[in-house]
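Enquirer: show me how the following folds:
(one chain, ligands or ions: 1)
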Amino acid sequence: MTPGQAHDRAAALRGLLARYDHAYHVLDNPTVPDAEYDRLFLELRQIETDFPEVRTADSPTQRVGGAPRSELRAVRHDVPMLSIYTETDKSEQGARAFDARVRKALGLSSEDAPVEYAVELKFDGLAIGLRYENGVLVRAATRGDGETGEDVTHNVRTIRQIPLRLSGAAPALIEVRGEIYMRRDDFEKLNQAQREAGAKSFVNPRNTAAGAVRQLDPAIAARRPLSFFAYGLGARAGWSVPTSHSTMLDAFAAFGFPVCAHRRVVNGPDGLIAFHAEIEAMRNSLPYDIDGVVYKVNSLALQEQLGFVSREPRWAVAHKYPAQEEITRLTGIEVQVGRTGAITPVARLEPVFVGGVTVTNATLHNQGEIDRKDVRIGDWVIVRRAGDVIPEVVGPVLERRSEELARFDLLASFPTCPVCGSHVVRVEGEAVARCTGGLFCPAQRKQALLHFAGRRALDIEGLGDKVVDQLVDNAIVKTPADLYKLGVLALANLERMGEKSASKLLAAIAASRETTLARFIYALGIRNVGETTAKDLARSFGSLDPIVRADREALMRVPDVGPVVADSIVQFFAEPHNVEVIEQLRAAGVHWPEGPPQSPPSGPLAGKVVVLTGTLPTLGRDEAKAMIEGAGGKVAGSVSKRTNFVVAGAEAGSKLEKAKQLGLNILDEAGLKALLEGAGADTDEQTLSGHDQ
Ligand code: NAD
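Expert: Model (predicted):
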């Protein structure tokens, strides 16, 4: 590189990094992964080392973070909040180089004792300074550009892990510094909820935490689950500061701050290397993201002696691990079919090393997510793989999209299931597309069989997980109809199944041939058709064939069947594969009594929804249910506004609580019996008024 080229490249890198810094530090909305930023940053640092004359005062290598957001009150730090030098060499040589620099700066020779280091994790969150006056939290400030941060006290007060008042004897003034972060499981839960609500999902825990802390409205921050670890000291007065970093952290813990347990005091470079390796091995199982470990000279006196360079202390270094977010090319989108028929789009990627492994595909969740993120085949995308979570495409790098790319449409690309060829549909209001071949699709076989054999379906005792796994994995059974072809020999050869249990299971299968229409419909596992709907359908139609032929309108005439349920039923029977299996089941002798259609039940509980909870003194659960249904009522599994009565017995739990909250009618067994005899049928007038909302 010539000085001229160095000058031009440095200028280009400064411009690029300034743009990325703004997006990351000010907007909490990075446009490229950290790994990409770090590569460019290190390239600039190297050029500036080789050609010191190209360095400018405003270079990102000379400054910390970004300017504070103007809507938040500015806070001038009494003690600047700096960055940490990142060791570029990720091997153990990185740790040795740091130790060598420290020894040199302290003027130690090879005869002198090893330096003592406090080692800890480098949490991937955002730095915060917490100022306590006489033990009371008075201010919380972000790092900002290191000199001036933002006042975010209103939000930080909502973080339960941060004490509002210190325990024990408090100094007149102390500013405890640390990292606010979001746990991975909290982040996943938050994103799951966002996806279900059809809202845009968050990119990663770090930016979600930073965004929450820098909100103007503390109510928003309060709804984001944030955590905290203390690791440093800012301004102080009236405190006899401990002599080492490690004992200072002990003191923080005594004040009531969370201090991470993965920390240690070690001697010399070997101790650093061992810690680096140990934490790398457990990185995936930690409940939060880290991007490396931090080594700090333990003695605070030596720290003072070592002092600072422009933006970093000389006594600390960050030794990083492979990035958990990387950039790569999206070459195609395929789909996976889940146990319940859910079709998940999967990104095919140019192989990329991320989170410690080479990743070639990552989940895109569903069509809505693809649309909201605007990910297109051919894009450069950010891939995230953190912990044991499945790799996912976080979003496209829009500034690298140079040509017009087509939007991806899952249903157009995959009109039929790649596993079984049944048609794929997406019910209005649902995020996921599904394969409709529930009874037939190999991907859904195990689920379908277990459901079919369930106690409330065809009730085949002895056909549990283990047996179904073996029957399917050995290709003995493909559809529920195959169950009726099984012989003792095939069963007796299964693991942990003797001849005796095989005959028992066969008897149970044989007995299941005689069933009811409602059970049979429920057993088919039609999406959105539970036991109650199955009963309603059986009663309203009387026999199976008219249900198979029914259109949406006819189905919606059945009480409580709305458009979503009706569509699910129509789609299920529109799939010839399913109808074929039903024919095979009939041919195998599965039968039920049929009769004329019946009008909705009458009786004192007609149209009423009852929830049972706890143990009743004399009535069993099934007995009570049968009595309620006999009186025209319905039994639901959970309490909602649509519930008319809650019958509570001994040890009733959360359902009773919820019923009380909603102000529902709560009865005991005697009350239920009175109701069944028609005595109290009017008592729910008040609750009826609110029940259609
Ligand atoms: P840094 O984040 O690498 O290191 C300093 C920070 O480490 C401190 O402010 C503190 O918040 C944190 N930290 C975590 N654990 C700590 C511990 N135990 N002790 C002390 N500090 C600890 O450096 P930086 O200059 O603050 O920011 C650079 C980071 O931001 C890089 O990771 C970079 O990739 C990322 N970044 C990314 C983009 C992007 O566009 N993706 C843009 C700018 C910056």
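
Enquirer: quick check, central residue of this protein?
Expert: residue 188 (2.0 Å; Cα atoms, centre = their mean).

Enquirer: let me know whether it touches residue 389 as I believe.
Expert: Yes - in this structure, residue 188 is within contact of residue 389 by Cβ atoms under 8 Å, at 6.6 Å. The C-beta positions use only the backbone N, C-alpha and C, and glycine is treated the same way.

Enquirer: flag every residue of the protein that's near the ligand.
Expert: Residues of the chain that fall close to the ligand, judged by Cβ under 6 Å from any ligand atom: 20-21, 23-24, 30, 32-34, 37-38, 64-65, 83-84, 86, 120-123, 126-127, 143, 179, 231-232, 294, 318.

Enquirer: give me the buried entries from the residues you listed.
Expert: Neighbour counting with 16 or more other Cβ atoms under 10 Å marks 20-21, 23-24, 30, 32-34, 37, 64-65, 83-84, 86, 120-123, 126-127, 143, 179, 231-232, 294, 318 as buried within those.

Enquirer: if we can go back for a sec, residue contacts, the residue nearest to the centre of the chain?
Expert: For residue 188, the contacting residues are residue 389, by Cβ atoms under 8 Å, 6 or more residues apart in numbering.

Enquirer: ok now the strand or helix carrying it, how far from the chain's centre?
Expert: Assessed by DSSP states H and E, residue 188 sits inside helix 184-196. The chain centroid and the centroid of helix 184-196 are separated by 4 Å, computed with Cα atoms, centre = their mean, to the nearest Å.

Enquirer: I'd like the mean pLDDT over whatever helix or strand comes next after that helix, please.
Expert: Remark: after helix 184-196, the chain's next helix or strand is helix 205-213, criterion DSSP H and E. For helix 205-213, mean pLDDT rounds to 95.

Enquirer: what comes up buried for stretch 150-158?
Expert: In stretch 150-158, counting by 16+ other Cβ under 10 Å, buried: 150-156, 158.

Enquirer: so which of those are in helices?
Expert: Secondary structure from DSSP state H places 153-156 of the buried residues of stretch 150-158 in helices.

Enquirer: still on that earlier bit, let's have the buried residues of stretch 150-158 in JSON lines, adding pLDDT.
Expert: Formatted as JSON lines, the buried residues of stretch 150-158 follow (pLDDT from 0 to 100):
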{"residue": "150", "pLDDT": "96"}
{"residue": "151", "pLDDT": "96"}
{"residue": "152", "pLDDT": "96"}
{"residue": "153", "pLDDT": "96"}
{"residue": "154", "pLDDT": "95"}
{"residue": "155", "pLDDT": "95"}
{"residue": "156", "pLDDT": "96"}
{"residue": "158", "pLDDT": "95"}
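
Enquirer: tell me the confidence at the residue nearest to the centre of the chain?
Expert: 93.

Enquirer: where does pLDDT dip in the stretch 251-400 of the chain?
Expert: The stretch 251-400 of the chain contains no residues with pLDDT under 70.

Enquirer: which parts of it are helices?
Expert: Under the criterion DSSP state H, counting those that start in this stretch, the stretch 251-400 of the chain contains helices at 268-282, 300-306, 367-373.

Enquirer: now render the ones you listed as JSON lines, adding mean neighbour count and distance to residue 1.
Expert: Output for those, formatted as JSON lines (neighbours: other Cβ atoms under 10 Å; distance: least, Cβ to Cβ, whole Å):
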{"stretch": "helix 268-282", "mean neighbour count": "17", "distance to residue 1": "32"}
{"stretch": "helix 300-306", "mean neighbour count": "15", "distance to residue 1": "32"}
{"stretch": "helix 367-373", "mean neighbour count": "18", "distance to residue 1": "38"}
